[in-house]
Structure formats: structure tokens, C-alpha cells
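Undergrad: turn this into a model:
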Amino acid sequence: MTAVDLGEALAHHRAGRLHQAEPIYRARLKQAPDDADAAHFLGVLLAQTGRAAEAERHLARASGRDPSNAELWFNYGAVLNLLGRRQGAVTAFRRVLDLAPNHVGAANNLGGCLAALGRHDEAVPAFERAIVLASDFAPAHGNLGLSLSALGRHEAALAAYARAVALAPNDAESWNGYGMAAMAAKRFEAAESHFRRAIELAQGHAPAWANLAAVLARQGRSGEALAAARRAVAVQPGYAHGWNNLGLALGDAGDDAGAIEAHEHALKLDPLPHYRLNHAVALKEAGFLDEAIARLRIAIGRDGEFGPAHFNLALALLLKGDYAGGFAKYESRRTAQAARPGLPPIAAREWLGEDLAGRRILLVAEQGLGDVVQMLRYVPILAARGALVTVEVQPVLASLAATVAGVEAAIAQGQPLPETDYWLPMMSLPYRLGTTLESVPWSGPYVRAEGPAATILPPGKPRIGFAWRGAAGHVNDRRRSLSLDWFGPLIESRGAWVSLQFGDGKDELARSKLAARVTDPTGSLADFAATARVMAELDLVVTVDTATAHLAGALGRPCWVLLRAMPDWRWGLEGERTPWYPDLRLFRQSKPGDWNDVREAVLAALTNWKA
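TA: Below you'll find the predicted structure:
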């Protein structure tokens with residue numbers, strides 16, 4: 001029998017005549033089943049023609065026959081990676097580097113597989129090795145940037161991507177990655193620029209369009225975000241992430257039905273955990289709370305380790321009034337990155353309910369300013385149990401927190417922490433103390449305004465303080481905040497109005513025709529204690545759902561809170577009152593996105609209100 005000429009097959013293969021090379025490889029293997037080269041090259045050809053599963057069988061066979069062939073292991077690793085068998089691919093690429101330590105592709109691909117497994121801390125040295133071996137290898141710089149960004153090393157990530165695009169300025173994928181790193185670093189304008197450059201280089205780059213939609217949304221440009229998201233799914237209808245971002249953009253635009261439909265489309269294409277989560281959140285925002293809870297439970301059943309699903313289930317249960325289940329589940333925030341990042345190490349046990357008589361306990365702030373104000377009500381309860389309570393809070397809250405009965409010391413974040421027997425993040429207090437809807441602690445105002453306001457307030461009556469925007473970084477800010485002009489009819493109707501707007505939105509007043517009708521003392525208010533002194537001299541506060549509402553409630557001041565249809569959990573689903581702050585009056589949207597009925601209700605209330 002004449003031996004099959006493997007060289008002829010290789011010549012066809014290298015010339016791209018795969019249909020001619022394949023039968024020769026197969027004939028050779030039939031003639032010589034142990035021929036590692038024939039199995040190797042046939043495996044490569046099969047991978048090139050989309051038959052990865054069969055390719056893997058031949059490459060596995062070849063690696064057993066020729067275990068010292070670095071290029072064979074490299075190709076085997078590539079096919080395993082293609083099949084999603086990334087741990088096997090990691091083993092294969094490590095084998096390549098054992099045999100050929102200077103193999104740039106193996107180092108880069110090893111890093112890529114480790115990154116895909118979420119092992120970015122291991123991926124970084126692999127990419128760095130590839131860069132040492134070939135400093136001008138742009139993909140390794142880009143991949144390094146991706147892993148550094150995932151590890152929160154934003155400056156290093158941006159530097160890596162800058163190098164990648166310098167080496168490959170026309171590579172759309174690198175510009176897209178550069179944009180993602182800038183977005184993770186909260187440099188939204190730079191991210192937008194990078195995504196637009198990627199699109200300029202490749203008009204059909206669906207990920208860049210989808211990412212552009214996301215960064216535009218973060219900048220509050222919902223109309224542009226929606227257009228970009230629509231473009232993402234137009235250029236690649238089967239791109240699940242594009243549909244996911246379209247759902248988010250539609251939700252921001254107030255089209256809850258469209259958002260639900262888009263998220264359902266994303267799930268059909270790729271049932272990823274965060275797509276399930278976004279679908280459930282869209283259902284909740286549209287008013288389908290029970291269905292959202294059911295979907296979140298299903299998501300947890302399928303993806304039990306996905307912390308954000310647990311956290312959002314907690315929020316839904318709390319909103320529905322199930323405080324026992326909700327606060328227990330709310331503990332998941334600590335693994336879902338919803339609690340305070342960068343909490344300093346505390347050399348004490350976390351308080352689990354032990355006897356506190358004569359013991360020191362440190363309560364540490366987390367989340368927003370309003371959350372901390374809400375939780376300060378628990379300090380007198382702990383003090384009544386004999387605890388010596390220290391609170392660590394944001395600097396603007398320290399003086400106010402010191403007025404709470406039972407606070408031994410109020411420390412501003414960033415200051416050295418005292419020795420303590422126990423500690424607890426503040427948002428765990430309701431769970432540790434067994435708070436239910438019926439047992440929300442309230443025995444009257446628990447913070448004090450000490451001394452007169454150090455600013456001149458308008459002489460007219462009634463004096464009405466107001467705030468129209470929350471912090472722009474809040475996940476639901478576009479749904480909860482208003483414009484200054486929205487308040488125009490209220491300001492014109494009655495009273496002397498006083499701005500309590502800090503931070504985002506404050507500059508609207510200077511540009512508004514309403515400026516002449518509004519007194520703005522905020523420039524002289526250094527902290528919440530100073531704001532409390534102003535509030536004490538107001539007859540009423542009208543505010544969107546922000547820290548201003550919590551401060552007024554904790555002070556026991558008359559306050560009207562303007563709420564979206566599906567509000568934050570502490571306000572509940574219905575009624576004009578909340579057990580958290582009995583002196584507050586709640587004005588709710590009758591349907592999502594429609595603030596007109598809220599304004600009409602407030603106008604009517606103002607007309608009939610007696611200061």
C-alpha cells in the first residue's frame with residue numbers, strides 16, 4: 001500500500017484549499033491512526049471550518065501522541081476555549097508556556113481564558129508576560145486593560161488601553177474597550193468619545209453602539225441613549241446585550257411596556273443572570289410587583305450566587321411591606337456591591353444581637369445620606385440596652401448625628417476609628433432588631449436643630465423650603481427627580497420659597513426666571529446641622545425623594561414628599577403616610593412618569609393648607 005503523502009495535504013491546507021486537504025488527512029489517519037501530525041492538522045482544519053467538537057477529539061488524540069509539541073497544545077487550547085471549556089484551555093496554554101516560555105500567543109490566550117473565568121488577578125500577570133515578550137502586541141495591552149478595569153485599577157487600565165490604541169489606532173475593538181474602561185472609571189465624556197471613535201471605524205460595531213447608549217444614559221441624555229440602543233439592535237439583531245441596553249433606555253424614557261419587551265428579547269437570545277434581573281426590574285417599574293418578585297425568585301433559583309438578584313428581591317419585598325423577609329434578604333447587599341465600598345477594617349466582632357450592656361458598638365454609615373439619617377433612629381434603642389454607641393458618618397452628617405440621644409461620639413468618615421467591642425453597618429440595624437412594618441421605631445423627632453439659622457430668610461409667610469433633584473448618580477434619579485421649572489406654578493401660587501437644593505441641579509436656579517422668587521441660602525449651609533437650623537424656621541418643606549425628606553422627617557417638620565409611582569421601599573405602595581416619618585405627607589404619581597397629577601394635588605393642598 002502506498003503511503004499517504006501528508007506533505008500534499010499540508011500544501012493544500014496552507015494554500016487555503018481545505019476541501020482538498022481534509023480527505024488526505026483522513027486517509028492518512030485511516031492508514032496510520034497514531035500519526036499525531038495528521039490528527040493535529042485535521043483538528044486545526046476542522047476548527048477552521050466550524051467543527052470545533054470534532055476538532056477537539058482529534059487534537060486531544062494528537063496531544064496524547066505528541067505531548068511535547070507546543071504548537072499542538074496551543075491549537076488544542078484555542079479549540080477548548082472556543083468550546084467554552086476554559087479551565088481545560090488554561091491547562092493547555094500553561095503547557096505551551098512550559099514547553100515554549102516565549103510563546104506570546106499562549107501567554108495572551110492564557111490571560112484571556114483566566115479573565116473569562118473571572119480570575120482577573122491571575123490574568124493580569126499572563127497579559128504582562130505577553131507584553132514583556134512583545135511590547136508592541138496591541139491585543140495584550142487591551143486585554144490587560146480589561147482585567148485591570150475589572151479589578152478596579154482604573155488608572156492602570158486606562159493606561160493599558162491608551163497603549164493599545166496607540167499601537168492599533170484603527171482597531172475598533174480596542175477603542176470600544178478603552179471606552180468601557182473610561183466608563184468604569186466614571187469618565188463618561190471620555191468614554192463617549194472612545195465609543196464614537198469605535199463606531200467611526202466600524203459602523204456595524206453593535207457593542208460600541210450599545211455601550212454608547214449606556215454612557216449617554218449615565219449622562220442623563222436619555223433621548224440620545226435610546227437612539228444609540230436602537231442602532232445597536234439594528235446593526236446586529238441577534239445581539240442580546242444590545243436588546244438589554246435598549247430595554248434600559250426605554251425604561252429611562254418612560255416606555256415601561258417597551259422596556260419589558262426588549263428585555264424579554266434579550267433573554268430569548270441569551271438568558272444571562274443580569275438580563276433576568278433587568279427584566280424583573282422593568283416589570284417592577286411598570287407596576288407588576290408580584291410578577292417581578294416571582295421572576296427574581298426564579299432568577300435566584302437558576303443563578304443562586306448572583307447577588308444583585310437577591311438584593312433586588314429584598315427591595316421588592318420591602319416595598320410590598322414584607323419587612324421580615326425583606327430585611328433578611330437585604331443583607332445580600334453586602335455581596336452585591338450595594339453597601340459601602342472601601343470600608344476600613346474593623347478589629348471587632350460584628351454585632352449579631354448579643355447583650356450590649358456596658359459594651360461599645362460602632363455603627364458605620366453606608367449608602368446615601370438619607371439612609372443614614374433614617375437609621376439614626378435606632379441609636380436610642382441600643383443606648384437603652386446599655387450600649388455605648390459611636391457612629392461613623394459622612395462628614396456633612398457628623399454634627400447632626402451628635403444631636404441624637406445616646407450617641408457617645410459622632411466621627412466623620414476618614415477619621416481614625418475608636419476601639420470597640422462590636423460594630424455593624426447601619427443598614428443592618430432593622431434586621432438585627434427585628435423591625436416589622438408594625439414596629440418601625442418612632443417616638444418623635446430624634447435629631448435636633450441647635451441654635452438659630454445663620455442666614456437671612458425671606459420675611460414672607462408661609463416660608464416653604466423645597467428641593468427638586470436628588471443625586472444624579474442614584475440608579476433611579478431620572479425617575480424621581482424634577483426640574484426647577486416644574487415647581488413654577490407652586491412658587492407662583494403662594495408663600496416665600498427657599499431653596500434647599502444642593503449639588504446636582506443647584507445651578508438651575510441661577511438660570512431660571514424663578515430666581516427672583518426664591519431665596520437661596522445653600523451657599524452658607526456647610527452641613528446637615530446648618531440645613532436643620534434653616535428647616536426649623538420654615539413652615540413647610542416640599543421635596544422629591546432625597547435626603548431632604550429624611551432630614552425633615554427626622555426633625556418632625558411638616559414636609560410633603562413627591563413620589564414616583566413605584567417609589568423607594570421605605571415609602572410603601574400606597575397611602576399618604578409612612579411609619580418611618582409620621583409627620584410627612586406623601587404625594588404619589590397615579591401612573592409611572594406622570595407628574596401632572598402630583599402637581600395638581602400639591603397645588604390644591606397648598607390652597608387649603610394653614611401654616
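Undergrad: please make it C-alpha for all contacts and neighbour counts, starting now.
TA: Noted.
Undergrad: please, where are all the helices along the stretch 251-400 of the chain?
TA: Along the stretch 251-400 of the chain, counting by DSSP state H, counting those that start in this stretch, helices occupy 256-269, 273-285, 289-302, 307-320, 323-330, 369-375, 379-384, 398-401.
Undergrad: residue ranges with poor pLDDT in this protein?
TA: Counting by pLDDT under 70, the chain shows low-confidence ranges at 1-2, 336-344, 453-454, 472-475.
Undergrad: in stretch 379-387, which residues are buried?
TA: Neighbour-count burial for stretch 379-387 flags 379, 380, 382, 383, 386, 387 (criterion: 16 or more other Cα atoms under 10 Å).
Undergrad: correction: the previous question concerned stretch 577-596.
TA: 577-589, 592-593, 595.
Undergrad: try stretch 180-194
TA: Of the residues in stretch 180-194, 180, 181, 182, 183, 184, 185, 188, 190, 191, 192, 193, 194 count as buried by neighbour count, 16+ other Cα under 10 Å.
Undergrad: show residues contacting it.
TA: Outside stretch 180-194, the residues within contact range by Cα atoms under 8 Å, 6 or more residues apart in numbering are 145-146, 149, 154-155, 157-158, 161, 175-176, 178-179, 211-212, 215-216, 218-219.
Undergrad: one more time with 10 Å
TA: 145-150, 152-161, 172, 174-179, 195-200, 208, 211-219 (Cα atoms under 10 Å, 6 or more residues apart in numbering).
Undergrad: out of these, list just those in helices.
TA: In helices, judged by DSSP state H, the following of the contacts of stretch 180-194 are found: 145-150, 154-161, 172, 174-179, 195-200, 208, 211-218.
Undergrad: ChimeraX command for the buried members of the residues you listed?
TA: Filtering the ones in helices among the contacts of stretch 180-194 down to the buried ones (16+ other Cα under 10 Å) takes a single ChimeraX command:
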select :145,146,147,148,149,150,154,157,158,159,160,161,172,174,175,176,177,178,179,195,196,197,198,199,208,211,212,213,214,215,216,217,218
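Undergrad: could the buried residues of stretch 180-194 be laid out in TSV, adding distance to residue 532 and secondary structure?
TA: Converted to TSV, the buried residues of stretch 180-194 look like this (distance: Cα to Cα, whole Å; DSSP: H, G, I helix; E, B strand; the rest coil):
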residue	distance to residue 532	secondary structure
180	41	helix
181	40	helix
182	38	helix
183	36	helix
184	36	helix
185	34	coil
188	34	helix
190	39	helix
191	39	helix
192	40	helix
193	42	helix
194	44	helix
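Undergrad: in TSV: the residues you listed, plus distance to residue 446.
TA: Output for those, formatted as TSV (distance: Cα to Cα, whole Å):
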residue	distance to residue 446
180	44
181	44
182	43
183	40
184	39
185	38
188	40
190	45
191	44
192	45
193	48
194	49
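Undergrad: which single one of these is nearest to residue 305?
TA: residue 184 (22.7 Å; Cα to Cα).
Undergrad: verify the contact between residue 9 and residue 37 for me.
TA: No - Residue 9 is beyond contact range of residue 37, at 11.1 Å (criterion: Cα atoms under 10 Å).
Undergrad: when these two are compared, which one has more neighbours?
TA: More neighbours surround residue 9 than the other of residue 9 and residue 37, with 25 against 20 (other Cα atoms under 10 Å).
Undergrad: not counting sequence-adjacent ones, nearest residue to the more buried one?
TA: The shortest distance from residue 9 to any non-neighbouring residue, by Cα to Cα, 6 or more residues apart in numbering, is to residue 21 (4.4 Å).
Undergrad: residue 324 contacts residue 436, correct?
TA: Yes - assessed by Cα under 10 Å, residue 324 is found in contact with residue 436 at 6.0 Å.
Undergrad: what touches both of these two?
TA: With Cα under 10 Å, 6+ apart as the test, residue 324 and residue 436 both reach 318, 430.
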